[in-house]
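**Student:** Got a predicted structure here, sequence first:
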Amino acid sequence: MQELTKRRLRTIARHAYFAALFVIFAIMTWGATVGARRPGTQTARTTGGHELSCDLTKNGSRSLQLLGRLPEASGLAMSRRSPNLLWSINDSDDPTVVALSTTGELKGQVRLTGAAVRDWEALSVGPCAGGSCLYVGDIGDDGAKRMQVTIYRVPEPKADDAATPQVDTFVVAYPDSAHDAESLLVTSDQSLFIITKGHPTVLYRAPDMRPSTTAKLTRVADLPVDKFLSDEDRKRSRITDAATTPDGEWVALRTNSELLLLRTRDLVDGKMNDVWHANLRSLDETQGEGVSISNAGDVYLAGEGGGHGLPGTFTHVKCQLPG
């Protein structure tokens, strides 16, 4: 009996030891990831455009929240059907969208019926024949090898739905070469745009599409985003998401640590004449990825945890839209 007790104590001690090692490793990894992004380590330059007035103090922005069940939040879109609701996707093999409140609380997970995952990186909520639709972009391509990418469209679900109806599937082809992309925009006239992640940053427009067909994208313009960004690190100055305000007037573009705002009518014409800029580094996101913006200038930001099983992040910033 005494020997059995000793064995049990040794087992408990061994488990506690490995658990402690895991916690220490997670803390060290988090610290190393965040530490690498401290303002003092950034290479900065003077930006063009105007300064976007955003309250990044503790009074004006919600403290960074951890999304334990969403470790790799790769996009963010504001619901048009349900007030105070946002949609996000997790960088995984599961064809589901995640519903979040505007305070970062998980509200549900909805499976997209008939959709498959290769590299989901973008989503948008926009108008469609049925009212409001959710558009999910399987447009990621780290190796830039895919000449064709896939976009799924489905009527916007409710947060407590288990699954959607059958999705509409659209395949679009680049007219020039393969690109990695993480940004998908749907404007108020139902036009669809893809913005590439890289240098140069390229804007493509999709034609009127029919489900289960392949359509060729039109190259609209190379966007001179670099002239409006302060970070000279080319890896951190890539566009990771884009979103229009629900009224369609403004579009927000983001990188890992910066935010750009311009009028939608200018962007869709391939112009970046009037651009407003905000530096997000003080928010201390591990890997900023997603953005969504309201008509009132509420900016919602989501990010990945940086790997190693660390949770994703979520926060809200209040910005003043230009008059």
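**Tutor:** Thanks, I have it. Bear in mind the structure is a predicted one, so any value in this text is a computation, not a measurement.
**Student:** remind me which residues of this protein are low pLDDT?
**Tutor:** 1-46, 59-61, 307-308 (pLDDT under 70).
**Student:** quick one: contacts for residue 128?
**Tutor:** For residue 128, the contact set (Cβ atoms under 8 Å, 6 or more residues apart in numbering) comprises 153, 155, 190. (C-beta placed from N, C-alpha, C; glycine too.)
**Student:** switch to 7 Å and redo it
**Tutor:** By Cβ atoms under 7 Å, 6 or more residues apart in numbering, the contact list for residue 128 reads 153, 190.
**Student:** do the same with residue 108
**Tutor:** Counting by Cβ under 7 Å, 6+ apart, residue 108 touches 99, 159, 160.
**Student:** surely residue 262 meets residue 273?
**Tutor:** No: in terms of Cβ atoms under 7 Å, residue 262 does not count as a neighbour of residue 273; the distance is 8.1 Å.
**Student:** how about the CA coordinates for stretch 84-94, as CSV?
**Tutor:** Listed in CSV are the C-alpha atoms of stretch 84-94, where the atom choice follows Å, rounded to 0.1, in the frame of the first residue of the first chain:
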residue,chain,number,x,y,z
ASN,A,84,-23.0,44.0,-32.5
LEU,A,85,-21.8,40.9,-34.3
LEU,A,86,-18.6,40.2,-36.2
TRP,A,87,-17.5,37.2,-38.3
SER,A,88,-14.0,35.7,-38.3
ILE,A,89,-12.3,32.6,-39.7
ASN,A,90,-9.6,30.4,-38.1
ASP,A,91,-6.6,29.4,-40.2
SER,A,92,-7.4,25.7,-40.1
ASP,A,93,-8.8,22.8,-42.2
ASP,A,94,-12.4,23.2,-40.8
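**Student:** gap between residue 211 and residue 161?
**Tutor:** 21 Å (Cβ to Cβ, to the nearest Å).
**Student:** Of those two, which one has the most company?
**Tutor:** When residue 211 is set against residue 161 and neighbours are counted by other Cβ atoms under 10 Å, the residue ahead is residue 161, at 15 against 12.
**Student:** dump the residue contacts of the closest residue to the more buried one other than its chain neighbours.
**Tutor:** Spatial nearest neighbour of residue 161, excluding adjacent residues (Cβ to Cβ, 6 or more residues apart in numbering): residue 110 at 4.9 Å. The contact partners of residue 110, taken as Cβ under 7 Å, 6+ apart, are 96, 97, 99, 157, 161, 162, 163, 164.
**Student:** Tell me which residues of stretch 176-191 come out buried.
**Tutor:** In terms of neighbour count (16 or more other Cβ atoms under 10 Å), stretch 176-191 has its buried residues at 178, 179, 180, 181, 182, 183, 184, 185, 186, 187.
**Student:** count of neighbours near the closest residue to residue 249 other than its chain neighbours?
**Tutor:** Counting by Cβ to Cβ, 6+ apart, residue 249 lies nearest to residue 264, which is 6.2 Å off, once chain neighbours are set aside. A count of nearby residues for residue 264, using other Cβ under 10 Å, gives 19.
**Student:** ok, now the one 10 residues further on?
**Tutor:** Under the neighbour criterion other Cβ under 10 Å, residue 274 is assigned a count of 12.
**Student:** From what I see, it and residue 261 are in contact.
**Tutor:** No: Residue 274 is beyond contact range of residue 261, at 9.4 Å (criterion: Cβ under 7 Å).
**Student:** and residue 262 and residue 273? which has more neighbours close in?
**Tutor:** Between residue 262 and residue 273, residue 262 has the larger neighbour count (other Cβ under 10 Å), namely 22 against 9.
**Student:** Can you give me the end-to-end span of stretch 167-180?
**Tutor:** For stretch 167-180, the first-to-last residue distance is 23 Å (Cα to Cα, to the nearest Å).
**Student:** what's the neighbour count on residue 145?
**Tutor:** Neighbour count for residue 145, taken as other Cβ under 10 Å: 9.
**Student:** re the thing from before, in strands, which of the contacts of residue 108 fall?
**Tutor:** Judged by DSSP state E, the contacts of residue 108 include residue 99 as members of strands.
**Student:** quick check, nearest of the contacts of residue 108 to residue 232?
**Tutor:** When the contacts of residue 108 are compared for distance to residue 232 (Cβ to Cβ), residue 99 wins out at 37.2 Å.
**Student:** Spit out the contact partners of the closest one.
**Tutor:** Contacts of residue 99 were listed using Cβ under 7 Å, 6+ apart, and they are 85, 87, 107, 108, 110, 159.
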